[in-house]
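Participant: sequence and predicted model, in that order:
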Amino acid sequence: MGCRLPYSMTGFGAAEGPAGGGTLRIELRSVNHRYLNVTLKAPPEVASLEAEIRDRLRRDFERGHLTISARWVDAPGGMPPGVSLDAARARAALDRLRALQAATGLGGEITLDLLARQPDVFATVEPESPALQWAAIEPILGQAAAACRAMRGREGTALGAELSTRLAGIRDRAALIAARAPERVVRERDRLQAAAVQLLDGRTLDEARLAQEIALMADRLDVTEELVRLEAHLAACDNALHGSRAVGKELGFLAQEIGREINTIGSKANDARMQHAVVEMKGELERFREQLENLE
């Protein structure tokens, strides 16, 4: 597969077309979800094809909560609802009206109009929907899915640019720390040397012992390995953003690894400018993680 930009998990698509003698409209809405989750709201004749609908959507989507709504724009066959007459209920209603007339001693004529208004004498009957074939629905669902996928792609393009900006921000601060680290070691060496001279108060300074302590200090403060691993994780994020698969979970794992390296650098950064850069890197990483919530 070729290179592509990431996809958002938020989108909408709709399509309609002929199916089963009528016109069917399908709407697909997509929001964030850790896995692929499908909810179908449809007439019984469409809901009977739920398994096929789910399988079809797995071809286009890997993550997200998908809500599929289907409704008839024109009823199958174009048949309007029918009306049924319950003759037995009509005769019973007529008998009750005559009994009421006799009981109250009221006169008047029991008309057809009055009888027709009695409950359940007439009832609306929905026409029986014909069985639907998957071949009739699949093209409509495919068009709705393509429209939703296109919208997710447009949002994903903007999201990918935002994520790349956050990675660049972390990389810039890391470069500042890399440039600052050697100066910090020199300052710490001079501070340690001055403190040793002051404590000895004129006595002879053991240069070899001091050199050993300075070497140990430099090793404790060295952030070279953390910066190398951090850059490797940032490069992996760049590659994932321009890969050919869903990358939300992969970037989530890499974000955790980036966070570990930043925390370790922070624990070694006893320098105001380095600590400030670490705080800024943590802020960029937090914004990166927030955006990941909407990435497929």
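Facilitator: Okay, I see it.
Participant: ok, A144 touching L24?
Facilitator: No - with contacts counted by CB atoms under 8 Å, A144 stays clear of L24, the gap being 10.5 Å. For the C-beta atoms, the positions are set from N, CA and C on the backbone; glycine is no exception.
Participant: tell me the pLDDT of I137.
Facilitator: pLDDT for I137: 95.
Participant: what is the mean pLDDT for the helix or strand containing I265?
Facilitator: Per DSSP states H and E: I265 is located in helix 248-268. Helix 248-268 shows an average pLDDT of 93 in the prediction.
Participant: state the next helix or strand along the chain beyond that helix.
Facilitator: Immediately after helix 248-268, counting by DSSP H and E, sits helix 272-292.
Participant: got the residue ranges for the strands in this structure?
Facilitator: With DSSP state E, the ranges of strands along the chain come out as 11-19, 22-31, 36-41, 64-74, 82-85, 122-125.
Participant: pick the most deeply packed of the ones you listed.
Facilitator: Among these, strand 22-31 has the highest mean neighbour count (mean count of other CB atoms under 10 Å), at a mean of 21.
Participant: partner strands of that strand and their direction?
Facilitator: Within its sheet, and counting by DSSP bridges, strand 22-31 is paired with strand 11-19 (antiparallel), strand 64-74 (antiparallel).
Participant: L292 is nearest to which of those?
Facilitator: Evaluated over those, closeness to L292 peaks at strand 64-74, with 13.7 Å, by CB to CB.
Participant: burial check on R96, number of neighbours?
Facilitator: Neighbours of R96 under the rule other CB atoms under 10 Å: 11.
Participant: torsion angles phi and psi at the closest residue to Q275 other than its chain neighbours?
Facilitator: Nearest in space to Q275, with sequence neighbours left out and distances taken as CB to CB, 6 or more residues apart in numbering, is A269 at 4.9 Å. With angles defined as degrees, to the nearest 10, A269 sits at phi -90, psi 80.
Participant: for A269, give me its contacts.
Facilitator: Going by CB atoms under 8 Å, 6 or more residues apart in numbering, A269 touches 177, 223, 275, 277-278.
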